[in-house]
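Undergrad: Take this sequence and fold it.
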Amino acid sequence: MKLPANGALYGGNPPQGISQEPLIINACLSGNITNRASNPNVPCSVQEITDNAGAVIEAGASILHVHAYENDGTPSWRPEIFGNIFDSIRSDHPEVVLVATTSGRLYPEFEKRSAVLELDGKAKPDMASLTLASLNFPRQASINDPETVQGLCQRMRDRGITPELEAFDLGMLNYAFYLQRKGMLPLHCYVNLLLGSLGTVPGRTLDLANLAREIPQDWTWAAAGIGRYQLPINATAITMGGNVRVGLEDNPFYDYAEREPASNEELIKRLVRIAGELGRTIASPGETRQRLHLDNPDNWSATQITIRKMKSGDMDRVMGILAEWNMAPIEANANTPAPERDRIEIGNTFVAELQGNIVGTCGYYVLDETHAETASLAVDPEFLGCGIGFQLQEARLQEIRERGIRHLRTESDRPEVIHWYINKFGYRKTGINPKKHAFGHPDKDSWTILELELEQ
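TA: Sure, this is the predicted structure:
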């Protein structure tokens, strides 16, 4: 009997085999908790970190996740110390990818966490760590509230620094996807999946598979195991086609059961040997930079919303977005009522564009020299909650002010939209206007009239 080419006789397809893509090794040289008391090989001074960086780069690392320390060995947030480290490493290894920690584990203040992002020149980091939510470590909490996470995202975006995303569970990944939709992350992201810490995802193969399957195809992922889970998770990631994070920050031991102290070079050389047995070469710093799009400004710009004036060729898409909210003009005939909006004035309409696609629109009508009325503001439902409506409204208000208009009227039948106009922009309710036909929210029979006095 001839077997089907796809192996369907046995209920499934043959395995694809192990990826042959070069392995990116991210070396976490030291951290906030691991210290000389647990392992004498932990590098702390600028010179020790520089020397260790050279050793691990030679061993196969192409990314260095860096912490800085004061003279007494305690972790530091001070940018000048990070700057000395990065400048020193780059003198001999200009292509290696340098990552600065923005951990809030010891220093929760935003000003301290973000200070390293202000470095320039050779001292400027290529990437910076970004833990995507709060979590509990065995003896303390790491607080990463939404305001702080988004603030760090915005600072990295403004400085052209790529986030090194850190996800300890599936919810954190979900939040990363939300941040990308809001334009706070680049198109091609890099994410570390960290497993095995008490209070987070266990260090099991199934858990890694569940996380990895959620990663978009144009993202790059690496896996790290904490403590005893480091080697098993690293090895599993290699076979799954992922990449690895390894080093003394996550695990100070070469043989965890025997508590044999490791060095960063030994941990990396072991993974290089395993990868070689599985047919995977090791990515160079240059290859890693290219795969992570670190020198490509389009990586950030691809996720940024552009607000522009509407063109005639945008009409079909604009009408489609309005129709999603039952706000599109209706062509009057014997069987249909007159429309609430019977025209779109292209000259007074804005669109929001993302990667060449229109995802939102708004407009206005000039009533006289000092009065105007807004036309419908609508956003593609897939992009709700991403700040697009706010940007459209801001663009609309700016142009209206520039035209010398001092009084703006808006009508809405949706409670959440009414609340938004009042709380975000200072509108006040002035009355209601009965609907002429079933238009807008199906359960409302009137519009709430909102008015705004514009300062010139």
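Undergrad: now the strands: where do they sit in the stretch 351-456 of the chain?
TA: Assigned by DSSP state E, counting those that start in this stretch, the stretch 351-456 of the chain shows strands spanning 357-366, 371-379, 407-412, 428-434, 446-453.
Undergrad: Kindly report the same for the stretch 201-350 of the chain.
TA: Under the criterion DSSP E, counting those that start in this stretch, the stretch 201-350 of the chain contains strands at 220-225, 243-246, 253-255, 260-261, 306-309, 349-354.
Undergrad: Now stretch 19-27: average pLDDT?
TA: On average, the pLDDT along stretch 19-27 is 94.
Undergrad: Pull the residues that contact it.
TA: Stretch 19-27 is contacted by residues 56, 60-65, 99, 192, 220, 222, 238, 240-241, 243-247, 264, 268, 271-272, 275, 279-284, 287-288, 291 when judged by CB atoms under 8 Å, 6 or more residues apart in numbering. Bear in mind the C-beta positions are built from the backbone N, C-alpha and C, glycine included.
Undergrad: go again using 7 Å as the cut-off
TA: Applying CB atoms under 7 Å, 6 or more residues apart in numbering, the contact partners of stretch 19-27 are 56, 60-65, 192, 222, 238, 241, 243-247, 264, 268, 271, 275, 279-283, 287-288.
Undergrad: Any of those buried? List them.
TA: 56, 60-65, 192, 222, 238, 241, 243-247, 264, 268, 271, 275, 280, 282-283, 287-288 (16 or more other CB atoms under 10 Å).
Undergrad: distance of the closest residue to E95 other than its chain neighbours from A27?
TA: The shortest distance from E95 to any non-neighbouring residue, by CB to CB, 6 or more residues apart in numbering, is to P285 (4.0 Å). For P285, the distance to A27 (CB to CB, to the nearest Å) stands at 12 Å.
Undergrad: of those two, who's got more company?
TA: A27 (29 against 19; other CB atoms under 10 Å).
Undergrad: That one bridge partners, please.
TA: L64, V246 (DSSP bridges).
Undergrad: quick one, what contacts the residue lying closest to A395 once chain neighbours are set aside?
TA: Nearest non-adjacent residue to A395, counting by CB to CB, 6+ apart: I307, 4.6 Å away. If you count contacts by CB under 7 Å, 6+ apart, I307 has them with F350, A352, Q391, L392, A395.
Undergrad: surely the fourth one meets I358?
TA: No. Here L392 does not reach I358: they are 11.2 Å apart, not a contact under CB atoms under 7 Å.
Undergrad: Give me the mean pLDDT for stretch 394-407.
TA: 96.
Undergrad: For I89, give its distance to T101.
TA: I89 is 15 Å from T101, by CB to CB.
Undergrad: These two: which is more packed in?
TA: T101 (27 against 23).
Undergrad: Quick check: that one touching T131?
TA: No. Applying CB under 7 Å as the test, T101 and T131 come out as separate, 9.6 Å apart.
Undergrad: Any buried residues in stretch 378-398, and which?
TA: Within stretch 378-398, the residues that count as buried by 16+ other CB under 10 Å are 378-380, 383, 386-389, 391-393, 395-397.
Undergrad: Can you name the two of those residues that sit furthest apart?
TA: Across the buried residues of stretch 378-398, the longest distance by CB to CB is 21.5 Å; it joins D380 and L397.
Undergrad: on that earlier part again, which residues do L392 and I358 both contact?
TA: The contact sets of L392 and I358 overlap at A352 (CB under 7 Å, 6+ apart).
Undergrad: Return the distance of the residue nearest the centre of the chain relative to D218.
TA: Geometric centre of the chain, nearest residue: L185, 3.5 Å, by CA atoms, centre = their mean. From L185 across to D218, the span is 12 Å (CB to CB).
Undergrad: Let's have the buried residues of stretch 378-398 in JSON lines, adding distance to L152.
TA: Output for these, formatted as JSON lines (distance: CB to CB, whole Å):
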{"residue": "A378", "distance to L152": "31"}
{"residue": "V379", "distance to L152": "25"}
{"residue": "D380", "distance to L152": "27"}
{"residue": "F383", "distance to L152": "22"}
{"residue": "C386", "distance to L152": "18"}
{"residue": "G387", "distance to L152": "17"}
{"residue": "I388", "distance to L152": "22"}
{"residue": "G389", "distance to L152": "24"}
{"residue": "Q391", "distance to L152": "21"}
{"residue": "L392", "distance to L152": "26"}
{"residue": "Q393", "distance to L152": "26"}
{"residue": "A395", "distance to L152": "26"}
{"residue": "R396", "distance to L152": "30"}
{"residue": "L397", "distance to L152": "29"}
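Undergrad: Could you point out which of these is nearest to K112?
TA: G387 (26.6 Å).
Undergrad: so that closest one sits right up against K182, yeah?
TA: Yes. Applying CB under 7 Å, one finds G387 in contact with K182, separated by 5.7 Å.
Undergrad: Apart from its chain neighbours, what residue comes closest to P232?
TA: Among residues not flanking P232 along the chain, G225 sits closest, at 6.1 Å (CB to CB, 6+ apart).
Undergrad: The one you found and T239: what is the separation?
TA: According to CB to CB, G225 and T239 sit 14 Å apart.
Undergrad: Which one's more surrounded, those two?
TA: Ranked by neighbour count (other CB under 10 Å), G225 and T239 place G225 first, with 27 against 15.
Undergrad: residue contacts, the more buried one?
TA: L195, G196, G203, L231, P232, I233, N234.
Undergrad: Mark which of these are part of helices, please.
TA: The helices, defined by DSSP state H, take in L231, P232, I233, N234 from those.
Undergrad: Skipping its backbone neighbours, what lies nearest the third one in space?
TA: In this case it means I233. Using CB to CB, 6+ apart and skipping residues adjacent in sequence, the residue nearest I233 is G225, 3.1 Å away.
Undergrad: So what angle separates the directions of the lowest-mean-pLDDT helix or strand in the chain and strand 357-366?
TA: When the helices and strands of the chain are compared on mean pLDDT, DSSP states H and E, helix 315-324 comes out lowest with a mean of 89. Put simply, helix 315-324 runs at 80 degrees to strand 357-366, going by axes from the mean of the first three to the mean of the last three CA atoms, to 10 degrees.
Undergrad: tell me which residues in helix 315-324 are buried?
TA: R317, V318, I321, L322.
Undergrad: With respect to R403, which of these is nearest?
TA: Using CB to CB, the buried residues of helix 315-324 come closest to R403 at V318, 21.4 Å.
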